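> next come a sequence and a model predicted from it.
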Amino acid sequence: MRDSANISSGLVSHKKLGFKKWIKRDYGCYLFLLPIISGFFIFTVYPVVSSLFYSFTDYNGIYFSHVGFFQYQKIFSLGYGGMLKDVAYSFGITFLYAIIAVPLGMVLGYVVALICNREVKGVRVFRLLYYMPTIIPGVAMALLWADVFSLNGIANQFLDLFGLHSKFLEGEDSAFATLLFTSLWGIGGSVIMWLASLRNIPPEMYEAADLDGARYFTKLFKITVPMSTPMIFYNLINAIIGALQSFDTYAMVGRGPNDCLYFIAVRIYETAFGGGNQYGLASALGWLLFAVIAILTMIMFFTNKSWVNYGDGE
Amino acid sequence: MKKILAFICSVCLCAACFAGCTYVDPDKEKGQGNQNIINQDMTITADFEGNIKVAAPDVQSHKNALNAFIKSFNVKYPKITFKVEYISLDNYKSIVTNAASSAINLNKHGIMYDVFWLSEMFINEWVLDTDFISPLTPIIEKDASFSLDGINETMLKMCTLNDNLYMMPRDYNQVVMYYNKDMFDAARVDYPSDTEAMSGAEFKQMCMDLGAGLSKSTALNGYGHKFNEQVRTIVDCNVAWNALDYPLVRSFGGEVVDENGEVVFASENTKNAIAYWKNLVDTTSGYANLAVDLSTGAAKTGGLFRMQTAPIYLHTRAVMSDLLDNVEMADQVMLAIPNLGVAPMPNFGGTYTVGAGCSGYAMYKNSVNSKAAYNFLKHVVSVEGQNAYSETGDCVPVLDSLLKAVNAKWRTCRTDKLSHDFNHNAFIFKMADSACSVTDFYPNVPLKAQSGVTARIEEAFKSGIGGKVNEIMGNVTTAANSMKRDIAQAGRL
């Protein structure tokens, strides 16, 4: 009781104490926080604000000579020199990837979590095995997949046994599907989250359902899924943001054959570092992507109350 | 107080945004350099003391070249020291640009390298866009002790932009056909001519003969493997490299962008060029395909040729010491090619064109050691400098006197590895009339689109060679349309 009173007074007392006394009392705490706060400002806030400024210029890494809305105008122009068609194409395939990869990964991750949630012998080993791939860095994984799906890679060596052959990442028709397949490799991360969520469901609910004679799928759709909706919401937001920022593919296959995997994040990178030094334009594209993600996230937050079960009293 | 602090922080943050870049008047002409440096007297004496900060790619042949220049320079100026930074070739351009950016924006010019390696492909961008290279012409004009006379005109042209020299040429790099004489002997195929470029049909027939011959040969390569068990490719090269793909298009009568700025890449000629190479990749003779499949990635380092499993390799003189000596590459020791031959590039399409480029060193326009740096650049093109570099085996000199001299060092070097009849003339075969590079069409393409357009040529080759024959024209058209978009977008602010 005494502690909580102190904490409470600590939170409000700086107004009464005055700024100097407040700093004097808490300076130790702020000194310890200083490295992370400085890092946050230098490596996150400053680049973010700078990129906003650059997006209104023709900055090339050293100089700029024009200031205005021309980069945005260029992005949204359809006529000669306009980029609308190209940017729309990049957003189009990025959305397509998100629309397919996100539900696929989530459903598969959820199914794996349901299986791993059963208390059977050796299940811990499987949980570990499913999680292990997520430890490998994305770029390393991308290079590995590029090797696996190269024309003479392991995948084709396996297909050769059946007299088949595929171009996988080298083919315009097969690259997207191959990429989707590789994206499933990382479901282990979400499996851990799902498992945590499944463990939080009170067993009394299942016991009550058992007494009422409910079968497995009834319990799954009436108890397990509704009780996991907060985690579904969390995973959904993370997955959509991750999919829209998809960039690991660049290490795997660049822009893909005939630009078939020219995701918006890849376009931003290539615009800045692909040879033309168009940092201003790349910054404008980056802010456009930010706006799109922010709008989607806001929509999800506004609509989540209708389907996310936060439990009693919330 | 807190609100005031927050306000001050916000103002500082917004102001700091400007710290990262510098405003320049859009009408100001770029590439003019620093007048203080241009106007100063660049004469130095033998006891001149200085320190030059140099950037060069982290590649053995580049290191050999720079060491040779530094060593011979220090004979003349022993008190000038060097601080050399070798940078991975993958990040080279961005690291040098970032160093220049920091130096200019912070006004601390010591951050930037005084001298840095570059290829002729970088000049447009680093002069007209980022503008950090010092023009050398006005400095040379004031220097009574030096002139450009005697330096090969073709190379000077490659280093010049808007009548200003920005790069001191280090060497001349023309693509040649290296071949492994032992493998030709094993296949019982005659060596290619030293003095004539073979036609595309003759080249294909030679590759067919090599494939058939090596598939029967049980002779051993340097690694102790039988040729008939190891050779699966005849020509090892990355054809989707602008020193090969663009000349190939030109050889078949094609072009990328014409003098009016029109994209003319989508033509039957381009299609024929890609189809010719695709045919080599798809054709087998014995156990071998005639040209390497690009998707294997093997051709990028010439690993097949170095492992003595491919008899032909298309590259330039700058990598020759890597072929003559044992080198470690990709955690593997590549043995020296014991019996190396070289011939001029074939005339694939009918019009003789050969990929060529020039690399060299440039000076930072605000160099804090400009006197020492300028004199080092002068040394690079001096007889002493060129001879020192020639001793490494990787140099085709830039001085006409050395190019023509029969006993010049570049022709007499590496006698430990090269036979007396080694065909040095292949490296300058028809250089005046037939050497070409993508920079030829760069004046017709907006600066911001140049690298993009070059990349589209590579894409067309990759997709064309990897796809079906009847899809080549479609791939070429797609690449051409992408070029048009690149050009249109780059042409408008």
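Yep, it's here.
> and B:Tyr223, that one's in a helix?
No. Counting by DSSP: H, G, I helix; E, B strand; the rest coil, B:Tyr223 is not part of a helix but coil.
> which parts of the longest helix belonging to chain A are buried?
With secondary structure taken from DSSP state H, chain A has its longest helix at helix A:84-116. Using 16 or more other C-beta atoms under 10 Å in any protein chain shown as the burial criterion, the residues of helix A:84-116 that qualify are A:86-87, A:90-91, A:93-95, A:97-98, A:100-102, A:105-106, A:109-110, A:112-114, A:116. Bear in mind the C-beta positions are built from the backbone N, C-alpha and C, glycine included.
> same deal with stretch B:54-70?
By neighbour count with 16+ other C-beta under 10 Å, stretch B:54-70 contains the buried residues B:54-57, B:59-62, B:64-70.
> what do you get for stretch B:308-327?
For stretch B:308-327, the neighbour count (16+ other C-beta under 10 Å) marks B:308-325, B:327 as buried.
> filter those down to just the ones in strands.
B:312-315, B:327 (DSSP state E).
> can I get these in JSON lines with pLDDT and distance to B:Ile111?
Converted to JSON lines, those look like this (pLDDT from 0 to 100; distance: C-beta to C-beta, whole Å):
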{"residue": "B:Ile312", "pLDDT": "96", "distance to B:Ile111": "45"}
{"residue": "B:Tyr313", "pLDDT": "95", "distance to B:Ile111": "40"}
{"residue": "B:Leu314", "pLDDT": "95", "distance to B:Ile111": "39"}
{"residue": "B:His315", "pLDDT": "94", "distance to B:Ile111": "35"}
{"residue": "B:Val327", "pLDDT": "82", "distance to B:Ile111": "33"}
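> ok, now which ones touch residue 275?
Reading this off chain A. B:125, B:450-452, B:455 (C-beta atoms under 8 Å, 6 or more residues apart in numbering or on different chains).
> meant chain B, my bad for not saying
Going by C-beta under 8 Å, 6+ apart, B:Ala275 touches B:464, B:469, B:472.
> correct me if wrong: the last one contacts B:Asn272.
No. Here B:Ile472 does not reach B:Asn272: they are 9.0 Å apart, not a contact under C-beta atoms under 8 Å.
> now the terminal residues of stretch B:335-353, how far apart.
End-to-end span of stretch B:335-353 (C-alpha to C-alpha, to the nearest Å): 32 Å.
> which strands or helices does the helix or strand where A:Met298 lies pack on?
Counting by DSSP states H and E, the element that carries A:Met298 is helix A:279-303. Judged by 3 or more C-beta pairs under 8 Å, 6 or more residues apart in numbering or on different chains; DSSP states H and E, the packing partners of helix A:279-303 are helix A:46-54, helix A:70-75, helix A:84-116, helix A:225-244, helix A:264-273.
> what's the burial count for the closest residue to chain B within the stretch 1-150 of chain A?
Of all residues in the stretch 1-150 of chain A, A:Gly81 sits closest to chain B, at 3.2 Å by C-beta to the nearest C-beta. Neighbours of A:Gly81 under the rule other C-beta atoms under 10 Å in any protein chain shown: 14.
> that older thread, among the contacts of A:Gly275, which are within reach of chain A?
Among those, proximity to chain A is found for B:125, B:450-452, B:455 (C-beta under 8 Å from any C-beta of the partner chain).
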